[in-house]
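Engineer: task: produce atomic coordinates for the following.
(3 chains)
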Amino acid sequence: MANGQPHLSEAEIQGLRDVIELSRANRTSLLEKRRAMVEKLDPALLQPIEVEEEQSEEGIRALEEAVDSGDLTEYLANMKLQTAALAEQGLEFNVIGQALVELIAPVVDLIESTYKDDPPRVLRAFKAIRFLEMAFLLAAGSAYAGQREENLESEYQRVIRRLSTPVINVWDEVLVMPLVGVVDSTRAQQMMEQLLERIAAAEARFVLVDITGVPTVDTAVAEHLIKTTKAARLVGAHALLVGISPKVAQTLVRLGVSLTDVSTFPDLQSGLAHALSSLGYDVRRS
Amino acid sequence: MANIPILRLEGYVIVSIQDDLSDQEAEDLQKRLLESLAVRTAHGVLIDVSGLEIVDSYFCRILRDTAAMAQLMGVGTCVTGLAPAVAVTLTELGLDLSMVHTEGNLDRGLEWLRGRD
Amino acid sequence: MPEIIIATNDDAAIVTSRGAVRELARSVGFGTVDQTKLATAVSEIVRNVVLYAKRGQVLFTICESNAGTRGIEVIIEDEGPGIQDLEIVLDGGYSTSGGFGRGISGARALVDEFNLESEPGQGTRVEMRKWL
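Structural biologist: Numbers count the residues shown, from 1 in each chain, chains lettered A, B, ... in the order given. Modelled structure (predicted):
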């Protein structure tokens, strides 16, 4: 799914279902936030509340149907049409990106607060929302590509940058920072600063940096990841690098990058299990 | 700034640095700290730097050396409360503090030292 | 324009300089991390002056780039012995003061622009800029 494949695994379906359920249960407050956001963007775009209610319900229903069928092809194709319509209205790509950031933030907060006691569920739902973000951006990206090829790349990068450094508190003293997209120096810098602030604020002992969504890791990126783990240690947290795909592992070894000082795990689940058992939790199915 | 108190609590030596120190003041502190370990043995040393806004290569070396010297005297050291901005800067500077144990706050530092006994 | 004169062996100048530049950076609107980086870079360079030069001075100014971005410029000059092996020093592999040998190269990594001119026997001039 992370690669944009429309067929879903069981865990991904579960995650999307949680997102759907949360969006339904909190429809009124989410809609209020959305209206506030649209009004700030351009009051002329604001539609009567009944229309917006209808639209948001329809959006949720469409996603639900896609999830039920286990095949997102049609849903993604629709998304492309919708973003193309936005592009025609003359909305800038970065404006749409900003709107997406603001729409998603309250949902992420809901995921965190609602499933606070169930880290695997938080992660699952979080991955689902991240998938939706990326799908939307990819759709919007290709819709806009025809229109304004020259500055698309940089705007796309800027939006991705803002989007993808949330830090979630999955458990007491455990943080997860999922990285998505291209990691360049500027972003790596912001990411490190943001992460350290959060570690200090949450008094975290473990932080899992998930690079599943990072397509390529070169020497520079690896260097940044090593720096981040060192800096995390200075403020009292163990940083674990998780989600190293076979391809990334191959690249790192061929480049001669040594990650011996960094604890690595193949996926988020095993990293989380390690963190929790180090903190003295008994991690097993009851 | 002349005299930073060197406290003893339940056998642990605790120093809390609240203000920017000159090189000379930092060196004096290191000396007094080690002397206090010689007078009476301790279970561990806690150096809290949560009040410090800047740690440059010189002060970093003082921390590293102090920990190494205390270790030679058989006492473990934990540095606590490095500010996030300081941690980022040290890392960008390429300074290596990996031989010194660090924790987020005094509580954690004490917990770590107790775990070593 | 704040200006600090450094006298020989005056290690209070290190504390004064880094405190002053941090204060200026704060007032210009730099975030905590950038304030800390700039102040630490100044600390490293001024220490070099205190340790090796006869006398020197530090100048801070608020500047503006061609693109209109605001920033801080720091110029640190001394009349000291100058630096013999500039390249080694800038690579960070060299230290005569028992430090980590990272003073100058480290400072360079902490700012956006870094210029060092040195004439053996004449002195050293370091220019650093950091943009908002």
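Engineer: please make it C-alpha for all contacts and neighbour counts, starting now.
Structural biologist: OK.
Engineer: show me the shaky parts of chain B.
Structural biologist: Along chain B, the parts satisfying pLDDT under 70 run over B:1-2.
Engineer: which residues does the closest residue to chain A within it form beta bridges with?
Structural biologist: As assessed by CA to the nearest CA, chain A sits closest to B:Glu103 within chain B, at 3.9 Å. B:Glu103 has these beta-bridge partners by DSSP bridges: B:Thr80.
Engineer: and for C:Thr124?
Structural biologist: When bridges are called by DSSP bridges, C:Thr124 pairs up with C:Asp78, C:Ser118.
Engineer: flag every residue of chain B that's near chain A.
Structural biologist: The interface of chain B toward chain A, taken as CA under 8 Å from any CA of the partner chain, is made up of B:80-85, B:87-88, B:90-92, B:97, B:102-105.
Engineer: show me what the lengthiest helix in chain A is packed against.
Structural biologist: Longest helix of chain A, by residue count under DSSP state H: helix A:119-145. Helices and strands touching helix A:119-145, by 3 or more CA pairs under 8 Å, 6 or more residues apart in numbering or on different chains; DSSP states H and E, are helix A:10-25, helix A:73-88, helix A:93-114, helix A:149-163, strand A:168-171.
Engineer: just those: most buried one?
Structural biologist: strand A:168-171 (a mean of 21; mean count of other CA atoms under 10 Å in any protein chain shown).
Engineer: now the element after that strand, going C-ward?
Structural biologist: Sequence-wise, the next helix or strand downstream of strand A:168-171 (DSSP states H and E) is strand A:174-180.
Engineer: what lines up beside that following strand in the sheet?
Structural biologist: Neighbouring strands of strand A:174-180 in its sheet, by DSSP bridges, are strand A:168-171 (antiparallel), strand A:206-213 (parallel).
Engineer: next, count neighbours for the residue in chain C positioned nearest to chain A.
Structural biologist: For chain C, the residue closest to chain A is C:Val33, as judged by CA to the nearest CA, at 7.6 Å. C:Val33: 18 surrounding residues under other CA atoms under 10 Å in any protein chain shown.
Engineer: just give the closest residue to it, not the sequence neighbours.
Structural biologist: Nearest residue to C:Val33 in three dimensions, chain neighbours excluded: B:Ala85, at 4.5 Å (CA to CA, 6 or more residues apart in numbering or on different chains).
Engineer: so which residues on chain B come close to chain C?
Structural biologist: Within chain B, the positions near chain C by CA under 8 Å from any CA are B:20-24, B:53-58, B:61, B:84-86, B:88-89, B:92-95.
Engineer: let's see that with 7 Å instead.
Structural biologist: Proximity of chain B to chain C (CA under 7 Å from any CA of the partner chain) is limited to residues B:22-23, B:53-54, B:56-58, B:61, B:85-86, B:89, B:92-94.
Engineer: closest to A:Val183 out of those?
Structural biologist: B:Glu92 (17.1 Å; CA to CA).
Engineer: could you measure from that closest one over to A:Thr228?
Structural biologist: B:Glu92 is 10 Å from A:Thr228, where distance means CA to CA, to the nearest Å.
Engineer: repeat for A:Ala200
Structural biologist: 14 Å.
Engineer: please apply the same query to A:Leu268.
Structural biologist: When A:Leu268 is compared with A:Thr228 (using CA to CA), they lie 18 Å apart.
Engineer: with C:Gly82 instead?
Structural biologist: Looking at C:Gly82 against A:Thr228, where the rule is CA to CA, the gap reads 36 Å.
Engineer: and these two? which has more neighbours close in?
Structural biologist: Using other CA under 10 Å as the criterion, C:Gly82 and A:Thr228 rank with A:Thr228 on top: 25 against 20.
Engineer: any weak-confidence spans in the chain?
Structural biologist: Just going to use chain A. Counting by pLDDT under 70, chain A contains low-confidence ranges at A:1-7, A:90, A:145-165.
Engineer: wait, chain C
Structural biologist: Short version for chain C, where the test is pLDDT under 70: C:1-2, C:7-9, C:91-102.
Engineer: so the spatially most central residue of chain B, which of the three states?
Structural biologist: Centroid-nearest residue in chain B: B:Ile47, 3.1 Å away (criterion: CA atoms, centre = their mean). Here B:Ile47 is recorded as strand under DSSP: H, G, I helix; E, B strand; the rest coil.
Engineer: buried subset of the residues of chain B next to chain C as a ChimeraX selection?
Structural biologist: Buried residues within the residues of chain B next to chain C, by 16 or more other CA atoms under 10 Å in any protein chain shown, are selected in ChimeraX with:
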select /B:22,23,53,54,56,57,58,61,85,86,89,92,93,94
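Engineer: can the residues of chain B next to chain C go into a markdown table with extra columns for distance to A:Pro48 and secondary structure?
Structural biologist: Formatted as a markdown table, these follow (distance: CA to CA, whole Å; DSSP: H, G, I helix; E, B strand; the rest coil):
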| residue | distance to A:Pro48 | secondary structure |
| --- | --- | --- |
| B:Ser22 | 65 | coil |
| B:Asp23 | 67 | helix |
| B:Glu53 | 52 | coil |
| B:Ile54 | 54 | coil |
| B:Asp56 | 58 | coil |
| B:Ser57 | 61 | helix |
| B:Tyr58 | 64 | helix |
| B:Arg61 | 65 | helix |
| B:Ala85 | 47 | helix |
| B:Val86 | 50 | helix |
| B:Thr89 | 51 | helix |
| B:Glu92 | 52 | helix |
| B:Leu93 | 55 | helix |
| B:Gly94 | 57 | coil |
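Engineer: neighbouring contacts of the longest helix seen in chain C?
Structural biologist: If you go by DSSP H, chain C has its longest helix at helix C:32-52. Contacting residues not belonging to helix C:32-52 are listed as B:53-54, B:56, B:85-86, B:89, C:8-11, C:14, C:18, C:21-22, C:25-26, C:56, C:78, C:80, C:103-104, C:107, C:110-111 [CA atoms under 7 Å, 6 or more residues apart in numbering or on different chains].
Engineer: ok, stretch A:219-232 next?
Structural biologist: Residues from elsewhere that reach stretch A:219-232, judged by CA under 7 Å, 6+ apart: A:183, A:188, A:192, A:196, A:238-239, A:255, A:257, A:262, B:87-88, B:91.
Engineer: drop anything exposed from those.
Structural biologist: A:183, A:188, A:192, A:196, A:238-239, B:87-88, B:91.
Engineer: returning to that earlier point: out of the residues of chain B next to chain A, the closest to C:Ile62 would be?
Structural biologist: Looking across these and measuring by CA to CA, the closest to C:Ile62 is B:Ala85, at 22.2 Å.
Engineer: OK, contacts around the closest one?
Structural biologist: B:Ala85 touches C:32-33, C:36, counting by CA under 7 Å, 6+ apart.
Engineer: so A:His238 bridges to which residues?
Structural biologist: Beta-bridge partners of A:His238, as defined by DSSP bridges: A:Phe206.
Engineer: thinking again about what came up before, out of the buried ones among the contacts of stretch A:219-232, which sit inside helices?
Structural biologist: With helices defined by DSSP H, the entries of the buried ones among the contacts of stretch A:219-232 inside them are A:188, A:192, A:196, B:87-88, B:91.
Engineer: of all these, which two lie farthest apart?
Structural biologist: Using CA to CA, these span at most 14.9 Å, a distance reached by A:Ala188 and B:Ala87.
Engineer: check the secondary structure at C:Val74 for me.
Structural biologist: Under three-state DSSP, C:Val74 comes out as strand.
Engineer: okay, and the nearest residue to it once chain neighbours are set aside sits in which element?
Structural biologist: Among residues not flanking C:Val74 along the chain, C:Phe60 sits closest, at 4.6 Å (CA to CA, 6+ apart). Assigned by DSSP H and E, C:Phe60 belongs to strand C:56-64.
Engineer: what is the nearest of the ones in helices among the buried ones among the contacts of stretch A:219-232 to chain C?
Structural biologist: Nearest to chain C among these: B:Val88, at 7.3 Å, using CA to the nearest CA.
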